[in-house]
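> please work out how this folds:
(4 chains)
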There are 4 protein chains.
Amino acid sequence: MLHIRIKPGVRLSEQPEIGHNRWHSDIPFLASLMPGDEAIIESLDFLDAQIKNDDDVSDIRNIDLTLAHPLTGPFEIIGAAPGDLLVVDIIDINPITPIGFSGNFSKDNGGGFLVDYFPDPHKAIWDLKGLFATSRHIPGIKLTGLVHPGLIGCLPSYELLTEWNKREAPLVAQGLAKPPCPATAVLRGLKGNKFDQMAKEACRTIPAREHGGNMDIKDISRGSRIFFPVYQKGAGLSMGDLHFSQGDGEIAFCGAIEMDGAMHIGVDLIKDGMAKYSINAPVFIPSKIKPHYENYISFQGISVENGVNYYMDATVAYRQACLKAIDYLEHFGYTRAQAYLILTAAPIEGRIGGIVDIPNCVCSLSIPTGIFDQDILPK
Amino acid sequence: MLHIRIKPGVRLSEQPEIGHNRWHSDIPFLASLMPGDEAIIESLDFLDAQIKNDDDVSDIRNIDLTLAHPLTGPFEIIGAAPGDLLVVDIIDINPITPIGFSGNFSKDNGGGFLVDYFPDPHKAIWDLKGLFATSRHIPGIKLTGLVHPGLIGCLPSYELLTEWNKREAPLVAQGLAKPPCPATAVLRGLKGNKFDQMAKEACRTIPAREHGGNMDIKDISRGSRIFFPVYQKGAGLSMGDLHFSQGDGEIAFCGAIEMDGAMHIGVDLIKDGMAKYSINAPVFIPSKIKPHYENYISFQGISVENGVNYYMDATVAYRQACLKAIDYLEHFGYTRAQAYLILTAAPIEGRIGGIVDIPNCVCSLSIPTGIFDQDILPK
Amino acid sequence: MLHIRIKPGVRLSEQPEIGHNRWHSDIPFLASLMPGDEAIIESLDFLDAQIKNDDDVSDIRNIDLTLAHPLTGPFEIIGAAPGDLLVVDIIDINPITPIGFSGNFSKDNGGGFLVDYFPDPHKAIWDLKGLFATSRHIPGIKLTGLVHPGLIGCLPSYELLTEWNKREAPLVAQGLAKPPCPATAVLRGLKGNKFDQMAKEACRTIPAREHGGNMDIKDISRGSRIFFPVYQKGAGLSMGDLHFSQGDGEIAFCGAIEMDGAMHIGVDLIKDGMAKYSINAPVFIPSKIKPHYENYISFQGISVENGVNYYMDATVAYRQACLKAIDYLEHFGYTRAQAYLILTAAPIEGRIGGIVDIPNCVCSLSIPTGIFDQDILPK
Amino acid sequence: MLHIRIKPGVRLSEQPEIGHNRWHSDIPFLASLMPGDEAIIESLDFLDAQIKNDDDVSDIRNIDLTLAHPLTGPFEIIGAAPGDLLVVDIIDINPITPIGFSGNFSKDNGGGFLVDYFPDPHKAIWDLKGLFATSRHIPGIKLTGLVHPGLIGCLPSYELLTEWNKREAPLVAQGLAKPPCPATAVLRGLKGNKFDQMAKEACRTIPAREHGGNMDIKDISRGSRIFFPVYQKGAGLSMGDLHFSQGDGEIAFCGAIEMDGAMHIGVDLIKDGMAKYSINAPVFIPSKIKPHYENYISFQGISVENGVNYYMDATVAYRQACLKAIDYLEHFGYTRAQAYLILTAAPIEGRIGGIVDIPNCVCSLSIPTGIFDQDILPK
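Okay, here's the model as predicted:
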C-alpha cells in the first residue's frame, strides 16, 4: 500500500516534493492510485510547522499566513475524467506527533470570526493521547477526538481556477480576500518559468470552494465517505489541515486542534456521477463512529448586533450565540480567551434555527457538557 | 393540574380570551402558576386555522399572515421578577388534531428562504399517527416526530418592546420587516382605548428576539429544559406554533409540520439567574429522547451565489446547501417542490462549517436517509 | 379507526368481553382488522387492578397471581393463515392513568429473580408525567419512558397449546411452573361447557413462548416493528402488560413500571413468511426513538454463587451482576429494596458477556447514570 | 512513556519474559507504573500465534488450547494494596498486524457455545483496515471496530487462587473445566522448583473470575474506564486477548476478531475503594466512542430446547436466539458456518429479557443491519 511520509516539523518549502500550498490546475501529480486502492498519506499541520510547543504566543502573533496550507498531493486517480465523482473513504486518521495546537490570531495579523472581541492572540497546546486530548492551557476539559481533514479536494480545471480568481477579485480589492502570493507558493517543487506563470494565478487555500478544499466540516470525520466532483483528468486529490477535534465554524480560525497526521484513505470512481446525481460540490456520508454525547447546553443567537438588526443574517446570529456561550463559560472559571478556544476546538454543534424569521435569523450553539470535569448546567 | 383548552379550527379572534398574536409588555395574564407547577397548554396552528386538509393550494396563496402566530398565554409565574430565569421543562407535546401541514408561500404573499427559486406556493398535508407522520403529497417518506414549540418566550418589558420597534424600523422602512398591525391584533380580548394604544406598538411575532419567541429551533423538543430571561414581574410565558417535525432553518417558512397541539410543561425559577450566569437570551438543554438516525447524506454550500462571492455569509452558504440537496433529491423521483418541503419538514441538520474561510463561509445540510423507503445514496 | 376502550381499575372478570387471561386456540375474536389497518387498544395493568396508589405493601403481599395477565383481544387479522407472518407496528403507547407501580413479591407468594435475597415484598408508586416518571418511594431519580408492551402475541394452534402443556408438565410437577387454573380464567366471556373444557387446558400467561407472549423485552418499545408467527386462521393478536419503563430481565417480576395504557398499532401480513425467512418466533426491529443515554456504570457477574461454580450459567451470572449493582447503590443513599426496584424499572442493559468462558459465564449490567440527580461514579 | 513491545507471530514460550498464560499470585512483575502513568502494552493473539492467514482450517482443528492466553504483564502499580481499586483508562487500542481471525473449534478439540450444532471447525481471516474489518471468507459485510481487551485483570491473592482451584475442582472432575497444566505454562520465565510448584496450582485463563480476567465483554472498549479490585501488593495488572470486534457472548469461542495489538492505558488508584463502594468484581464505565448503529434486527429465544422446557435458563434462551438468527441469515446467502462467525465477530447485542417468565427465560439477540451490504429486513 502506498504510504507517503513527510518530515514533521519541517516546512513544506524544504520538502516541496510532497505537495503544494496553492490551488492550480497544472500541479504535477505526486503519485497514482487505481480505483479500489488504499493509501496512507501524511501531512503537515496547517501552519507549516510555525507553532511551537511552549507558552509563548509570539509565534501566533507573528505568523506568516501565506504558508497555509501545506497540502500533500495531488494524487492521480487512474481513469478519472471530468464529470466523474471521486469516492474517498476515510478509513482512519491519526496524529503522527502527540502534540496539537489551537489559537486565535491577532487583529493585526490573521483575525477570525470574533476578532473584534479578541484582538490579541492566544494559544493552547494539546496533548494527544490515543482517543483523547487535554491541554495544560485549558484545565478541566478532556476532548474525545472527532478526527477529520480540514482540507481535502481535487484540482480545479483551468476554467474553474480562472472563475475563482475572477469572482474573488472584488473582495480582494476590499481587503476581504487574499490574492495569489507567489513569494511563498510551493507547487510540488516546480521552478522557473512554469512556476512563475502558475504561481501568479494559483489560488490561496483558505476559502472552501465548490471542489471542497478548506471546508472545515467536523462531520467529515474518520469513517466518512466523500464524493468529490472531478474537474481534471486524473482528479488530482490533495489533502491536509488535519484536525484532532473542532467545533462547528472553527471560529478562532487558528483554529481546531491542529496536528501533523496520517490519513488512511481508499479511493473509487463513479463514472459520470456529476450529471447522474446533479452533484457539483462535495457530498458526504458522515461516519458511524464518533464521540457520542448525551447532554448539551445550548445557546441562542439572533441577527442583532450592537443594536443593529441585520436581515436574516446567519453569520451575525452565530456570532451572537458564540458570544453568549463565552459569557456563560466565564462563570465556571474560564477566561474569555479559554472559552473562545474551547468553542473552536471542542465538538460543539452550530446549527441554523429559523432562517425565515423575518427580519432576524436564529442560530444555536450546543456544547457537550461531558467534556468538562465539572457540572456546567444552571442550577 | 391546569389544562388550558382551545377550540381547534377556530380563529383566535373568535376565542380571544386564550391568547394573543402580538408581543406587548402589558398583555393581561391568562392564568397563574407557582414554581414547581405543571400545566397542559393547548395552542392553535401558527396560521390560525386558515389551512384546509385538501389538495388546493389557494389557502396558502391567499394567506393572511398578519394572523400569525396565535399564542396561548401569557402565564404569570408567581414570584418571577426581572432578572430571574424562568425554567421551563417540556414534559411532553402531542397533536390535538391528527393532521399537520407544510407549505411554502408564494413570492407575492409571504415568501421564504428559497422564494426566488420557488415563487409559487405548494402544500403538503400530513397524517400524524402516534410517533410518526406521512403525507399523501410526498410519498415514500415517513418521519419520526421531533415535536417542539416553534415559538415560546416571556413578555418583554416596555423598554425592551420600545427597543424592538426602534431597531426594526429601518428594516420595516425597506420592506424587510413587518410593523405592528392593529387591524388583526388580538391581545387577550382587550378592547377600546387600551387595545388601540397597545396594538399600535405591539410587535409582530415572526422574528425571534432575545426573549426567545419564534426561535424555530427543532432541538428544543419534548423532553428539553429551557431557561428564559424574565423581563416582567410574573414573567408572562406564552407559546404556540407547535411543530411535529422540522428541519434546521424551517426553510419554507410555512414551514415545519404545523399542528394544533397540547404542550405539557413544568415551571420553576432561578432567582437572579440572569446575572448569576450572564444569560440574556434563552439557554436550553436538549432532550434525551428524540429520533435516532445513524445514516445521513450531507451537502455542502459556500457563500457564492449566481457568480457573486459573498464575504463569510452563512445565510448564502446554507441556501446553496439547500439548493444542492434539492437538485440531488430530484434524482429519486421527487419534484423540486416536494424536495423543498422535505427539507423544511424532516429533521435535517443545518450546520455551520468553516466560518472563517475567508472570504467564503461553508454550511452543511444533512438528510437522515432512514426517512425514505428507498436507498438514496450515490452508487 | 378501531378504538377498544377498557375501564381502568375494574377487574377483567367484570369486563370479560374485552379479553382473556389465559392462552387457548379457541378464544373468540374481539374484533377484526384488515392488513393495513390501525387500531388503538387499551389494556389493564398486568395485575388486574389489584394494586393501590398508597404506601401499604399488603396488596402485593396478598396478590392473586392467577389473575395475571388481563389481555385485550384476540384480534382477527383478515386473511391471516398459519405460516404467515403478522407484522405489527407499534405506532405509539401511552398511559391512560397517570400512575404506575413497581414491586417485588414476597417469597411466599410470587417470588422473583432475587427472591432469596428479598423475601419480603416492596412497592413503589410512580407518577407518569408525559415522557417521564418519578416515584415518591425512590427519591432522586427520574426515568425517561421506554414504553413497551410486556406481553404481545398471537393465539397458539391447538397442537401448539397441547405441546406447551406437555412440555411444562414436568416443571409443574416440581412446582416450578404453573398449571391451568380455571377458577379465575377469563376467556372473553365464554361460559358453560365450552369454557369448562377450554379453561382446564388454557395455558397461563406468565412464561413467554414461541408465539411471543410475555417476552418482557424492553427494546420492543414504541416505534418498533414486530413480525409474529401465525398459527391460527385470523392470527388472534392479543396484548397487555404495558410498561412505562423496564430494565433488562424485569428482575423483580412485579416488575417494570406497570400501567394501564393504550397501544396504537398498525397491522400487516407477509404471506408464507414463516418458511420464507425460517421465522418461528417473534423477530423485531427496535424503535428509532427511545431515551438516549451516554453514560453508564456497569457491573460484572460470573456464574459462581455461594461458593459453587456453575457451568456456563447465564442466569446465575446475571443474578450476581444484579447483586453487585445493589451493593453499590447502597453507597448512594438507597436501601437495598429501592436499589432492587431501580434495577427492575430503569432502562438498565443486561448483556451476555463471554458465554464460553468455561466453566464460568459472564454477564454485565449497565445502569444509565443520567437517571440520578447525583453523581454515582466512583471517585 | 513505557512501551512494552512483543514479537508478533512468536510463541510466548519463546519470549517468556513478556508475560504469562496462567494466573498465580506470585508471578514476578514485568515493570512498574506510578498512579497517573500511561503505558503502551502490546500482546499476542489469544491462541499464541498458532493461526495462519490461509484458507486451511487444520490449524484450528489441531489447536493446542493449553497455550491460551498469552498475557502481557503483570505490571506493578506502585502503592497499590489489597482493598484498593485500580483504575484503568483504555486510552486506545490498535492492531499491530493488519490481520485478524475468527473461528469455531471442533467438537473434539475446544468446542463452544453451539458445538452440538457446529461440530466441525471453521475459520475466517479478517483484513483490519483502520477503523474497519472485512473478510474474504464472509463476503458482503464490513465491521466497524469495537476494539477491546477480551482479558484484563489483576493477580489473585494466594487465598483467592486456592479458592478458585477448590471451587472449580468438581467441574474439572466432570470434564467441564480445565485444571492447571504445567506442561505449557509460562510464568514470566520462571524455571526450576519455583516454576514447578507454581505451575501445578496456576489457574487456567479461560474462565472469567472475580478479578476480571477473560470477561469477553465487548463494551469494555477503547475509551472505557475500569475499576479493578486489588488483591495483591502492587496489583499485578495483566492483559491480552485483544479483539477488534466481538458479539455478546463471543459465542464461537475462537471467537471474536482476534488480533495482535497494542493497548494504550493510564492507571490510577482509589485507596480502600473496595470497601468504600462494596466493589469486589470489575466495574466499568463504557466508552463514549464506539460504532453507532441505528437499525437492528432482533431475535428472541426462550429456554426450551429439543422439546425440553428448562427453568429460567438464560444460557439456553440465548442459544436459541443465536440459532434463530443463524436460520434467518441463511436466507441472505450465508452458510450456517458463516452466520455463526458473523454472530461471534460482529457487535451483536445479546440481552436478557424477562428472566422471571416462570418457567421460561427470554433472551434477545440483535444484529446491526448496517454491517451488511444488502438489506436484510423481512419484506
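> check whether stretch A:360-379 comes near chain C.
Yes: Stretch A:360-379 lies in contact with chain C when judged by CB under 8 Å from any CB of the partner chain; the contacting residues are A:Gly370. Every residue, glycine included, has its C-beta placed from N, CA and C.
> quick one, phi psi at the residue in chain A positioned nearest to chain C?
Of all residues in chain A, A:Glu294 sits closest to chain C, with a separation of 2.8 Å (CB to the nearest CB). When quoted as degrees, to the nearest 10, the phi and psi of A:Glu294 stand at phi -100, psi -40.
> that one: neighbour count?
A:Glu294 sits with 18 neighbouring residues when counted by other CB atoms under 10 Å in any protein chain shown.
> on the pLDDT front, check it for me.
pLDDT, A:Glu294: 83.
> within range of chain D, give me the residues from the stretch 251-379 of chain A.
Applying the criterion CB under 8 Å from any CB, the portion of the stretch 251-379 of chain A that neighbours chain D consists of A:264, A:266, A:288-293, A:370.
> of those, which belong to strands?
With strands defined by DSSP state E, the entries of those inside them are A:264, A:266, A:289-291.
> these: which two are farthest apart?
Across those, the longest distance by CB to CB is 23.1 Å; it joins A:Gly266 and A:Pro291.
> leaving out chain neighbours, which residue sits closest to A:Thr184?
With CB to CB, 6 or more residues apart in numbering or on different chains as the criterion, A:Thr184 has its nearest non-adjacent residue at 4.4 Å, and that residue is A:Thr66.
> same question, A:Lys379
Using CB to CB, 6+ apart and skipping residues adjacent in sequence, the residue nearest A:Lys379 is B:Ile270, 7.1 Å away.
> cool, and A:Asp89?
Looking at A:Asp89 with CB to CB, 6+ apart, the closest residue is A:Gly266, at 4.1 Å.
> tally of neighbours for the one you found?
Counted with other CB under 10 Å, residues neighbouring A:Gly266 total 20.
> contact partners for the residue in the stretch 51-200 of chain A that chain B sits nearest to?
For the stretch 51-200 of chain A, the residue closest to chain B is A:Ala177, as judged by CB to the nearest CB, at 4.0 Å. When contacts are counted by CB atoms under 8 Å, 6 or more residues apart in numbering or on different chains, A:Ala177 touches A:168, A:171, A:207, B:309, B:311, B:358-359.
> those residues in strands, which ones?
When DSSP E is applied, the contacts of A:Ala177 are split such that B:Asn309 fall in strands.
> most neighbours of all the contacts of A:Ala177, which one?
Counting by other CB under 10 Å, A:Pro207 has the largest number of neighbours within the contacts of A:Ala177, with 27 neighbours.
> ok, the residue nearest to that one when sequence neighbours are not counted to A:Gly212 distance?
Closest residue to A:Pro207 in three dimensions, ignoring its sequence neighbours and counting by CB to CB, 6+ apart: B:Asn360, at 4.0 Å. From B:Asn360 across to A:Gly212, the span is 12 Å (CB to CB, to the nearest Å).
> cool, and A:Ser58?
The span separating A:Ser58 from A:Gly212 equals 33 Å under the rule CB to CB.
> one step back: pretty sure the residue nearest to A:Pro207 sits against B:Val304.
Yes: the pair B:Asn360 / B:Val304 is scored as a contact, 6.6 Å apart, by CB atoms under 8 Å.
> find residues that contact each of those two.
Overlap between the neighbourhoods of B:Asn360 and B:Val304 consists of A:209, B:310, taking contacts as CB under 8 Å, 6+ apart.
> which one's more surrounded, these two?
B:Asn360 (31 against 24).
> how many residues are close by the closest residue to chain B within the stretch 201-350 of chain A?
Sorted by distance to chain B under CB to the nearest CB, the residues of the stretch 201-350 of chain A start with A:Asp216, at 3.0 Å. A:Asp216 sits with 29 neighbouring residues when counted by other CB under 10 Å.
> got a list of what it touches?
For A:Asp216, the contact set (CB under 8 Å, 6+ apart) comprises A:150-151, A:208, A:241, A:243, A:246, A:249-250, A:255-256, B:353-354, B:357, B:362.
> cutoff 7 Å now
Contacts were defined as CB atoms under 7 Å, 6 or more residues apart in numbering or on different chains; by that measure A:Asp216 touches A:150, A:246, A:250, B:353-354, B:357, B:362.
> skipping adjacent residues, who's closest to the residue nearest to the spatial centre of chain A in space?
The geometric centre of chain A, computed from its C-alpha atoms, lies nearest to A:Gly150 (CA atoms, centre = their mean), at 2.8 Å. Ranked by CB to CB, 6+ apart and with sequence neighbours excluded, the top spatial neighbour of A:Gly150 is A:Asp241, at 3.4 Å.
> do A:Gly350 as well
Leaving aside its sequence neighbours, A:Gly350 sits nearest to A:Asp248 (CB to CB, 6+ apart; 3.3 Å).
> tell me the phi and psi of that neighbour?
phi -60, psi 130.
> was I right about it contacting A:Lys218?
Yes: judged on CB atoms under 7 Å, A:Asp248 makes contact with A:Lys218 at a distance of 6.3 Å.
> helices of the stretch 251-379 of chain A, start to end?
For the stretch 251-379 of chain A, the helices identified by DSSP state H, counting those that start in this stretch occupy A:273-277, A:314-329, A:336-345, in order along the chain.
> of all those helices, which one is nearest C:Gly112?
Taking CB to CB as the criterion, helix A:314-329 is the member of the helices of the stretch 251-379 of chain A that comes nearest to C:Gly112, at 47.4 Å.
> ok, the closest one near chain B or not?
Yes: under the criterion of CB under 7 Å from any CB of the partner chain, helix A:314-329 makes contact with chain B via A:314-315, A:318, A:324, A:327-328.
> that helix packs against which elements?
For helix A:314-329, the contact count by 3 or more CB pairs under 7 Å, 6 or more residues apart in numbering or on different chains; DSSP states H and E identifies strand A:296-302, helix A:336-345, strand A:362-368, helix B:314-329 as packing neighbours.
> so what's the residue nearest to A:Asp89 bridging to?
Beta bridges link A:Gly266 to A:Glu38, A:Asp89, judged by DSSP bridges.
> and it, what does it touch?
For A:Gly266, the residues meeting the contact criterion (CB under 7 Å, 6+ apart) are A:38, A:89, A:91.
> how far off centre is the strand or helix carrying A:Leu86?
Taking DSSP states H and E as the definition, A:Leu86 sits inside strand A:85-95. Relative to the mean C-alpha coordinate of its chain, strand A:85-95 is positioned 15 Å out (CA atoms, centre = their mean, to the nearest Å).
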